[in-house]
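> sequence and computational prediction follow.
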Amino acid sequence: MGKIFMLLTFIGVPLSVIGTLMHWPTMILFIVYCITIIALASYMGRATESLAIVAGPRIGGLLNATFGNAVELIISVFALKAGLVGVVLASLTGSVLGNLLLVAGLSFFIGGLKFKRQAFNVHDARHNSGLLMFAVIVAFVIPEVFSMEMNDTKTLTLSIGISVILILLYLAALFFKLVTHRGVYQSEKSGTAHHEEEPEWGKGKAIGVLLAATLAVAYISENLVHTFEYVAESFGWSELFIGVIIVAIVGNAAEHASAILMAYKNKMDIAVEIAIGSTLQIAMFVLPVLVLISLLFTETMPLVFTMPELIAMVTSVLLMVVISNDGESNWFEGLTLLAAYLIMGIGFFLL
Amino acid sequence: MGKIFMLLTFIGVPLSVIGTLMHWPTMILFIVYCITIIALASYMGRATESLAIVAGPRIGGLLNATFGNAVELIISVFALKAGLVGVVLASLTGSVLGNLLLVAGLSFFIGGLKFKRQAFNVHDARHNSGLLMFAVIVAFVIPEVFSMEMNDTKTLTLSIGISVILILLYLAALFFKLVTHRGVYQSEKSGTAHHEEEPEWGKGKAIGVLLAATLAVAYISENLVHTFEYVAESFGWSELFIGVIIVAIVGNAAEHASAILMAYKNKMDIAVEIAIGSTLQIAMFVLPVLVLISLLFTETMPLVFTMPELIAMVTSVLLMVVISNDGESNWFEGLTLLAAYLIMGIGFFLL
Amino acid sequence: MGKIFMLLTFIGVPLSVIGTLMHWPTMILFIVYCITIIALASYMGRATESLAIVAGPRIGGLLNATFGNAVELIISVFALKAGLVGVVLASLTGSVLGNLLLVAGLSFFIGGLKFKRQAFNVHDARHNSGLLMFAVIVAFVIPEVFSMEMNDTKTLTLSIGISVILILLYLAALFFKLVTHRGVYQSEKSGTAHHEEEPEWGKGKAIGVLLAATLAVAYISENLVHTFEYVAESFGWSELFIGVIIVAIVGNAAEHASAILMAYKNKMDIAVEIAIGSTLQIAMFVLPVLVLISLLFTETMPLVFTMPELIAMVTSVLLMVVISNDGESNWFEGLTLLAAYLIMGIGFFLL
């Protein structure tokens, strides 16, 4: 796995630069960009992971929680700069759906093919359910409904207020998990498993890789977002579909792979943590940060999704809350989540 | 009970034929048709039950799961053929509400008057909750919201896609329950109770009764659907109310009776299975099959309910998920479900 | 605490009368009225509490359940009489949000700062969740959606029907809790704690205080509602904001204080009972009674909220159901509820 990504990186990055400078056909560039970003994302993930282990659980948790979706953040910032507000909201919706339905669904399904019943920490699942309800059902639905009777200025004010609250509550959740209630809800078994971890890379190498990969992702992302319109037209796709499905998969491919691997090893706590933790990170950190960053650009981004985006997220969250409520999974629960993802995929494709 | 149904059948079927041929007053025909179908439905139920026992648990489960709501399917096919798409969606809504609120409500209430606390398998309840969320909250809500921004062709495409997914997931759920995870979540007690069952009728008689009753139901249903318009006008009811309340009760009367009987005998697992299992069968099998069948007729049926129908189902599912979540029931939970049914009944009556 | 309220009462009541007669500036009157009502509400609470203890658990429970939100009922009746239907619905929305998010949130948060994990009766929590779902998700959402396709007469008929059902189910819930299932779901520990209670006041004094305080609250409320328009204009607030935030806080201040005190003493059962019990009382008793009372006035009040009010309540209930589902609380769950309250507060302020 690691070797493939290395190969892809060392071919993809130069190709991206050359292709961009030589104005290769847009479709080829789009594909090269996507594959290269997937490979780079895996490097960023490994570097963050190594740094997190070196830094200890508290700072490490913070690192993971802020850099975990750095690729998405970077692509989104360039999309915002290019005025593609709709694509940004769509790709964040896609990340939420992808993590919640596709990643968790594949994890439950593939893990469930090997094990009849798989258990994960029910306290964590409920803690996460509460946050999903807060972020998606409260913090995303309220501005949608209230903004219908508001002018643009008030909608933006409300969006800023909610974004600040989301970020602060996200930090409080980290404080809760890493400081005041660390290990309080842990079963003994899983407590010891973490001690043996050793970082893949040293501190210096990890920081170096992280910086280099981030720069490369930034460069490619800036060019990637300009190919969307052309690709959408060529395939007859809507920009919404590109955002919801394509960008979301590109930005999260590395995470997807590792969650499914963990499920296959029956480490469901980690698989669930990646899938739902990543969802929460998008909803409570990446998205509100982007709302605030958008204030620097000419086109601001209020926290108002299209109705299909919002309803897709709301129904996904309700489904996940009910399915994860018992702290157990099996192949059929995974299939149910995948079926929901497929329904939404068809829906966004046809929109 | 059996004798009354026998009497009703042997009087009702000839009366229905004679009345139809002699063009009796529509209101009388409507009443004769309804009573005869209720009686025939009980025969179909008993024949299916006998066949299921003969065929063993796997094929038997499959039989129950496909023939269990055959009456509704037949009435609906003839209503579709007559172009009454609205009535079909309304009657399926009514079946969902009737099973989820009226049948389960009466079971919990009447069982609860006799027993202080009644327990049912909490694993099954949660499995069913997941499916209810999937079918109603995801698969019904998504096309409703997405279709607002789609033309008719795309709406139909989305409806077909979702219908196929619903049917496949329903089959997967049967495979999960009858094959891969049979008995996995069962408590020991309930496992043995089933062994003593003996079929009421032999294989030949059961098939004969099933065929004869199905033909009779088909004949009467075809005539029944043509009386709706007249009856609606006479009573000042909307066709929606006829669909949601009357057709739903006629199509499910036999099941209603047996669920309540089971609750009264403190066999809550079976009562819940009838109520919620029947809801799922309507939502994940009968309805999507009807969407596909409607493609053969001039007027197709997309998977798009009226807003009151959808919201009634969504709120019922949310209420049921919360109430059944603890694997226990009492008379007050039953009363709550009945109160919800009453509210919706008043609502549909006034629409 | 008691002395402060005594002082406030004996200064506030005369000031309110004198101020009203002498036509003091409206803003000053508004403040005097608010503070005096807060003080009087604490007297009414203590009198009801004493009577409840004297009367024994059954009648006492009934007393608490009907007089517990008497202040709100009185203010609302005078607001209805003044034709302020919108303010009444807003203030009841505010009470629901205030109890569910602010009171429970502060209780969980402040209790959680002292204790790492706090437990409350999970059976009661689930019973309450069922009722919250019924009242808010079914009984409030259905008329909202159905009334979109109804004329005013039918909307009012539906509202009356639902109001009667809500009141009857509320009484049934009391019967369930106080008679048929008293102590059935109780843990042994909490069962004994109640026996030691002694009434603060005798029967005669309690009735006297209750009557006097009620009369005073009525007098002040009648004047208070006429200051809303002026206050709203002065501060640039909407009447909605006054209803949702200000009136709700004034009407519930005493309860808020005692719930938080109980949480701080680790008596979470009582804290949760005050917060959620009070919510249910507003939704299932005070509100439907007001709908029925409004029939006596020229302007009737149908059970139809504005969309922001309804969505705020629906999302709050869903959040609370998920958070209280495990029968445990901690500071972070409290903070989550408070963050939701803050989001809604900003939303209503900007509307």
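Looks like it came in fine. In this text the structure is predicted, and so the values were computed from the model without any measurement.

> switch to C-alpha atoms for all contacts and neighbour counts from now on
Fine.

> near chain B, which residues of chain A show up?
Those residues of chain A that sit near chain B, judged by C-alpha under 8 Å from any C-alpha of the partner chain, are A:116, A:307-308, A:311-312, A:315-316, A:318-319, A:322-323, A:326, A:332-333, A:335-336, A:339-340, A:343-344, A:346-347, A:350-351.

> please redo it, this time with the cut-off set to 10 Å
Taking C-alpha under 10 Å from any C-alpha of the partner chain, the part of chain A that reaches chain B is made up of A:113, A:116-117, A:307-312, A:314-316, A:318-326, A:330-333, A:335-337, A:339-344, A:346-351.

> return the distance of the helix or strand encompassing residue A:36 from the chain's centre.
Under the criterion of DSSP states H and E, residue A:36 resides in helix A:26-67. For helix A:26-67, the separation from the chain centroid amounts to 11 Å (computed by C-alpha atoms, centre = their mean, to the nearest Å).

> quick one: average pLDDT of that helix?
For helix A:26-67, mean pLDDT rounds to 83.

> that older thread, from the residues of chain A next to chain B, list the ones also adjacent to chain C.
Within the residues of chain A next to chain B, those near chain C by C-alpha under 10 Å from any C-alpha are A:318, A:321-322, A:325.

> now do the helices in the stretch 51-200 of chain A.
A:70-81, A:85-97, A:104-114, A:122-132, A:141-146, A:152-175, A:188-193 (DSSP state H, counting those that start in this stretch).

> re the thing from before, give the buried subset of the residues of chain A next to chain B as a ChimeraX selection command.
Those of the residues of chain A next to chain B that count as buried under 16 or more other C-alpha atoms under 10 Å in any protein chain shown are selected in ChimeraX with:
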select /A:113,117,308,309,310,311,312,314,315,316,318,319,320,321,322,323,324,325,326,330,331,332,333,335,336,337,339,340,341,342,343,344,346,347,348,349,350,351
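
> which SSE is immediately downstream of the helix or strand of chain A with the lowest mean pLDDT?
Of all helical and strand segments in chain A, the minimum by mean pLDDT, DSSP states H and E falls on helix A:188-193, at a mean of 48. Note on helix A:188-193: by DSSP H and E, the next helix or strand toward the C-terminus is helix A:203-224.

> will you turn the helices of the stretch 51-200 of chain A into a markdown table that also has distance to residue C:142?
Shown next, in a markdown table, are the helices of the stretch 51-200 of chain A (distance: least, C-alpha to C-alpha, whole Å):
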| stretch | distance to residue C:142 |
| --- | --- |
| helix A:70-81 | 39 |
| helix A:85-97 | 29 |
| helix A:104-114 | 33 |
| helix A:122-132 | 25 |
| helix A:141-146 | 18 |
| helix A:152-175 | 28 |
| helix A:188-193 | 46 |
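
> quick one: contacts for residue A:95?
A:69, A:72, A:89, A:101-102, A:243-252, A:278-279, A:282-283 (C-alpha atoms under 10 Å, 6 or more residues apart in numbering or on different chains).

> check contacts around residue A:208.
Applying C-alpha under 10 Å, 6+ apart, the residues near residue A:208 are A:47, A:202, A:214.

> what pLDDT does the second one get?
With respect to pLDDT, residue A:202 has a value of 86.

> for it, give its distance to chain C.
Computed as C-alpha to the nearest C-alpha, to the nearest Å, the residue A:202 to chain C distance reads 35 Å.

> chain neighbours aside, what residue packs nearest to that residue?
residue A:50 (7.2 Å; C-alpha to C-alpha, 6 or more residues apart in numbering or on different chains).

> tell me how many other residues crowd the one you found.
Using other C-alpha atoms under 10 Å in any protein chain shown, residue A:50 is surrounded by 22 other residues.

> surely it touches residue A:61?
No: under the criterion of C-alpha atoms under 10 Å, residue A:50 is not in contact with residue A:61, lying 11.6 Å apart.

> now do the shared contacts for these two.
Joint contacts of residue A:50 and residue A:61 (C-alpha under 10 Å, 6+ apart) do not exist.

> pLDDT score for the closest residue to residue A:117 other than its chain neighbours?
Nearest non-adjacent residue to residue A:117, counting by C-alpha to C-alpha, 6+ apart: residue A:330, 5.3 Å away. Residue A:330 is assigned a predicted lDDT (pLDDT) of 92.

> check contacts around residue A:330.
Contacts for residue A:330 (C-alpha under 10 Å, 6+ apart) come out as A:105, A:107-119, B:176, B:181.

> again, but for residue A:282
Contacts of residue A:282 (C-alpha under 10 Å, 6+ apart): A:65-66, A:68-70, A:72-73, A:92-93, A:95-96, A:99, A:135, A:276, A:288-289.

> please repeat the previous calculation with a cut-off of 8 Å.
A:69, A:92, A:95-96 (C-alpha atoms under 8 Å, 6 or more residues apart in numbering or on different chains).

> show me which residues of stretch A:102-120 are buried.
Within stretch A:102-120, the residues that qualify as buried are A:102-113, A:115, A:117-118, A:120, counting by 16+ other C-alpha under 10 Å.

> okay, that stretch in PDB with CA atoms only?
Only the C-alpha atoms of stretch A:102-120 are listed here, as PDB (Å, rounded to 0.1, in the frame of the first residue of the first chain):
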ATOM      1  CA  LEU A 102     -19.600   4.900   2.800                       C
ATOM      2  CA  VAL A 103     -16.700   4.500   5.200                       C
ATOM      3  CA  ALA A 104     -18.700   3.300   8.200                       C
ATOM      4  CA  GLY A 105     -20.900   1.200   5.900                       C
ATOM      5  CA  LEU A 106     -17.900  -0.500   4.200                       C
ATOM      6  CA  SER A 107     -16.200  -1.000   7.600                       C
ATOM      7  CA  PHE A 108     -19.300  -2.600   9.100                       C
ATOM      8  CA  PHE A 109     -20.000  -4.700   6.000                       C
ATOM      9  CA  ILE A 110     -16.500  -6.000   5.400                       C
ATOM     10  CA  GLY A 111     -15.700  -6.500   9.100                       C
ATOM     11  CA  GLY A 112     -19.100  -8.200   9.400                       C
ATOM     12  CA  LEU A 113     -18.300 -10.700   6.600                       C
ATOM     13  CA  LYS A 114     -15.500 -12.000   8.700                       C
ATOM     14  CA  PHE A 115     -17.000 -11.600  12.200                       C
ATOM     15  CA  LYS A 116     -20.600 -12.300  13.100                       C
ATOM     16  CA  ARG A 117     -21.000  -9.600  15.700                       C
ATOM     17  CA  GLN A 118     -18.500  -6.700  16.200                       C
ATOM     18  CA  ALA A 119     -18.600  -4.500  19.300                       C
ATOM     19  CA  PHE A 120     -17.400  -1.000  19.700                       C
END
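
> picking up where we left off before, nearest to residue B:28, of the helices of the stretch 51-200 of chain A?
Nearest to residue B:28 among the helices of the stretch 51-200 of chain A is helix A:141-146 (49.6 Å), distances taken as C-alpha to C-alpha.

> contacts for that closest one, please.
A:155, A:158-159, A:303-305, A:310, C:307-308, C:311-312, C:343-344, C:347, C:351.

> and these, which is closest to residue A:34?
Using C-alpha to C-alpha, the contacts of helix A:141-146 come closest to residue A:34 at residue A:305, 24.9 Å.

> pop out the phi and psi values for the closest one.
Note on residue A:305: its backbone torsions stand at phi -80, psi 170 [degrees, to the nearest 10].

> not counting sequence-adjacent ones, nearest residue to it?
Closest residue to residue A:305 apart from its sequence neighbours, by C-alpha to C-alpha, 6+ apart: residue A:89 at 6.5 Å.
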